[in-house]
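*Asks:* Provide a 3D model corresponding to the input given below.
(chains A and B)
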Amino acid sequence: MQFFLELSFNGLIIGGLYALVALAIVLVCKATEVVSLAHGQLLAFGALFFYAGYMLLGWPLWAAGLLGLACGAVLGFAVERLCMRPLIGQPLFSGFLMTFAVFMVLDGIFALILKGQAWGFPDFLPAGNITIAGAKMSLGGLSSLGISLLVFVLTVLLFRYTKVGLGMRATAESHKLAQSAGINVRTIFSLVWILSAVVAVVAGVMLARYYDIRFMLTLVAFKGLIVAMVGGLDSLPGALIGGLLLGWVENVASGYLDPFVGGGIQEVAGYIMLLLILLVKPYGIFGLVRIERV
Amino acid sequence: MLPCGTFNEDYGRDTAVIRTRLQWIITILAIVVLLTVPLYGGYYFIGLINKIAITIIAVMGLQLMMGYCGLISFGQVAFMAIGAFTSAILTSTYGWPFWLALPISGIVAGVVGIVGGTPALRIKGFYLALATLAIYYIVVWLIMHLKITGGVIGLHAPAPTIGSFAFDTDERMYYIIVPVMLLMTYFAKNLARSRIGRAFVAIRDNDLAAAVMGVNLFYYKLLAFFIGCFFAGIAGSLFAHWMMFVHVEQFPLADAVFFIGMLIVGGLGTITGVFFGTIFISLLIEAVTFASPTLTGWFPAMGIAPAAALGATAFGVIIVLFLIYEPRGLAHRWNIFKASYRLFPFAY
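*Replies:* Model prediction:
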């Protein structure tokens, strides 16, 4: 039981971060209908800038955090402005391929900066453990989970109660109708990319705390995509629940099955779950079922 | 468009792949030149052609799936790996001849492709892309953990033989790889023009409309997966016996990414585009690999810059430019060029 609790707890911590990555992807997908592959690089660059501020320049935590968020926002804006905007009006497929090209470019630059090394990331969250029902839980992990949930709630509130959020929701509903109601859809696209990059950077900084800054960090984007698909590409609660579910399934499956099959379940479990769920519910658990007409 | 003064006088000429006498001459010359390259080409050059030819086979399978039938797949490399390992297991573990293992590895990859393609019946677009990514990871995991595939050690794949003659050098392997590539091209070109190819295009443009018109979605989507993965399996088998060794790390996810890039650069939905895109991207990557030591000399701050990183960046920039300025790829440019010289000296 204690083993199970610890596995679940660690799974939920990582799952919260997966949920944030998925949230960033879902935000873009809701507003612009483009599924983005580039968020892994956005979050990695955010972590990189945070590292530069906190470790290399010796800034305080809040200043380094702001630097990471600001640079992430600029990067998100640049991606939208330079790459995604020329494709407005083209088939959605081109948009998908464009995010994929951005993924390649940023990936190459990231590899050039890293030069094949891993940069040890500082643990900036409180240290120590607490014990609940016999299972050890780290305070750092708890605060990481708390921050993910906080960012999630803030984003949902922004969507729900601000004018910009209303504009984003209207744009998600229909570009044409939003435009005719006086909403500047292009500005909304830019804002959505910036917001999404900022969310991704928060996730990136916390993920780098676990994995350090290394080349494989960008592959978390695929986890985010799995979550977004499992939860439904246009559903915010889907991203949260899917993220926690994926983190939990990965950790529990690897904890119980790895000794029997010789390791590596953690990488595959998520994909197997995705295949099974897509076979039963093609648009994800909470996704809107699209009724198509010819 | 046909050159001035050429008319199709009967049905056979109307449906011919090669239409004019000049085209016949060029085709035969090209084949002769291609088959005599080992006589005067350098060692490196032949290796490069072998690699490009194998890639062309795999990308052509992807073209039939993605360019013609609209099924995006990140799994092509995984099916190449399945073909390679099937071939290596059959030849080295069970002692079958290569000539039997080659088609069987294609069929095995195709059958696994059908199993992997079943989600395509209910999902499409990005969902399908992610599902095929899932298949990639599952296949890699299985190869790493099954006993029969040699796990992390890999497998030996013996060189093909006829009697006592072994195809154990790059020049000799060239005479297997290039003819197979030509054969597969001919097959793909004809398939794309047939009833099946038309059905694929209908499904790509709108699968509901295709179903209403009487195209059996279940049958044709799975057929697209089978054929695409069959090509990948053949390419994998050739690759295994050319390298004479298979290991799961020879099939990285980056290659699947490059395959899709090659299709974009070459042009989706054309067979000629496969050649343009594959050759263009392969040469680009080779050039970057060559240039990277020089670049490091110019910018010492980069340190020992990994060629792969520079290649990825260059590749990404090229795709961005193509998507913005020429979404129909090099094949479209080629058609414009052909039309212009055929009309010369008239404007239209």
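*Asks:* residue contacts, the residue nearest in space to the middle of chain B?
*Replies:* Nearest to the geometric centre of chain B sits residue B:59, at 2.0 Å (Cα atoms, centre = their mean). Under the criterion of Cβ atoms under 8 Å, 6 or more residues apart in numbering or on different chains, the neighbours of residue B:59 are B:76, B:259, B:262, B:263, B:274, B:277, B:278. C-betas here are computed from N, CA, C, even on glycine.
*Asks:* which one of those is nearest to chain A?
*Replies:* When those are compared for distance to chain A (Cβ to the nearest Cβ), residue B:263 comes out closest, at 9.5 Å.
*Asks:* if you count neighbours, what's buried in the strand or helix carrying that closest one?
*Replies:* Using DSSP states H and E, residue B:263 maps to helix B:253-266. Neighbour counts over helix B:253-266 (16 or more other Cβ atoms under 10 Å in any protein chain shown) mark B:253, B:256, B:257, B:258, B:259, B:260, B:261, B:262, B:263, B:264, B:265, B:266 as buried.
*Asks:* do the same with stretch B:87-97
*Replies:* Result for stretch B:87-97 [16+ other Cβ under 10 Å]: buried residues B:87, B:88, B:89, B:90, B:91, B:92.
*Asks:* what about the residue nearest to residue A:53 when sequence neighbours are not counted, neighbour count?
*Replies:* Distance criterion Cβ to Cβ, 6 or more residues apart in numbering or on different chains; nearest residue to residue A:53, sequence neighbours excluded, is residue A:64 at 3.4 Å. If you count neighbours by other Cβ atoms under 10 Å in any protein chain shown, residue A:64 ends up with 23.
*Asks:* one more: residue B:73?
*Replies:* Counted with other Cβ under 10 Å, residue B:73 comes out at 31.
*Asks:* same question, residue B:37
*Replies:* Neighbours around residue B:37, by other Cβ under 10 Å: 15.
*Asks:* list phi and psi for the residue nearest to residue A:53.
*Replies:* Per-residue torsions, residue A:64: phi -60, psi -40 (degrees, to the nearest 10).
*Asks:* what angle sits between the host helix or strand of residue B:235 and helix B:253-266?
*Replies:* Secondary-structure assignment from DSSP H and E places residue B:235 in helix B:217-243. Here helix B:217-243 runs at 110 degrees with respect to helix B:253-266, directions being taken by axes from the mean of the first three to the mean of the last three Cα atoms, to 10 degrees.
*Asks:* which strands and helices sit next to helix B:217-243?
*Replies:* helix B:43-62, helix B:76-88, helix B:98-117, helix B:170-193, helix B:195-205, helix B:207-212 (3 or more Cβ pairs under 8 Å, 6 or more residues apart in numbering or on different chains; DSSP states H and E).
*Asks:* okay, the angle between it and helix B:98-117?
*Replies:* Going by the same axes, to 10 degrees, helix B:217-243 makes 140 degrees with helix B:98-117.
*Asks:* which strands border the helix or strand just after helix B:217-243, and is each parallel or antiparallel?
*Replies:* Next in sequence after helix B:217-243, counting helices and strands by DSSP H and E, comes strand B:245-246. Looking at strand B:245-246 with DSSP bridges, its partner strands are strand B:155-156 (antiparallel).
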